[in-house]
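# Fold the stuff below for me.
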Amino acid sequence: MKQIEQEKDVLMQGLQAVERAREWYLKQVAAVQEKMKYLGRMGSHMVSSVSDEHFENTSQNIVHCNSFIQGFLVIFPRP
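Residues are numbered from 1 along each chain as shown. Sure, this is the predicted structure:
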């Protein structure tokens, strides 16, 4: 019984992490949409190199996380 409780705890921790990640993704999407609106109003497509560097670093990490999650779901499909 103790092992089943531990499994449940681990799963709940994972669920909480996924929920926090989902909130983060939604906030990022909203921020990007706002940037797009702003740039559309300004008629400018110029983005600073600092922003480009931040995007490169962030996007590489996001792609890595997405790949990990997708791989996890392939290895451990739904019951």
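
# Quick one: mean pLDDT for the longest helix that the chain contains?
If you go by DSSP state H, the chain has its longest helix at helix 2-42. Averaging pLDDT along helix 2-42 yields 93.

# right, and the helix or strand after it?
The helix or strand immediately downstream of helix 2-42 is helix 49-75, counting by DSSP states H and E.

# now the angle from that following helix to helix 2-42?
If you take axes from the mean of the first three to the mean of the last three C-alpha atoms, to 10 degrees, helix 49-75 sits at 140 degrees to helix 2-42.

# Check the gap between residue 9 and residue 61 for me.
27 Å (C-beta to C-beta, to the nearest Å). C-beta here means a position set from N, CA and C on the backbone, and glycine is covered the same way.

# picking up where we left off before, run the chain-centre distance for the longest helix of the chain.
Centre-to-centre, helix 2-42 and its host chain are 6 Å apart (C-alpha atoms, centre = their mean, to the nearest Å).

# center of the chain - which residue?
residue 25 (4.5 Å; C-alpha atoms, centre = their mean).

# who's in contact with that residue?
By C-beta atoms under 8 Å, 6 or more residues apart in numbering, the contact list for residue 25 is empty.

# Can you tell me how far it is from residue 73?
For residue 25, the distance to residue 73 equals 16 Å [C-beta to C-beta].

# cool, residue 26 as well?
20 Å.

# Repeat that for residue 27.
23 Å.

# what's the answer for residue 28, then?
For residue 28, the distance to residue 73 - C-beta to C-beta - is 21 Å.

# same question, residue 10
In terms of C-beta to C-beta, residue 10 sits 16 Å off from residue 73.

# Would you mind giving the domain segments of the chain?
1-46, 47-79 (automatic domain parsing).

# now the last one, how far from the centre of its chain.
Right, the one you point to is domain 47-79. Using C-alpha atoms, centre = their mean, the offset of domain 47-79 from its chain centre is 7 Å.

# if you average pLDDT over it, what comes out?
Rounded mean pLDDT across domain 47-79 is 84.

# let's number from 720 now, not from 1
Shifting the count to begin at 720 puts that one at domain 766-798.

# residues contacting residue 738?
By C-beta under 8 Å, 6+ apart, the contact set of residue 738 is empty.
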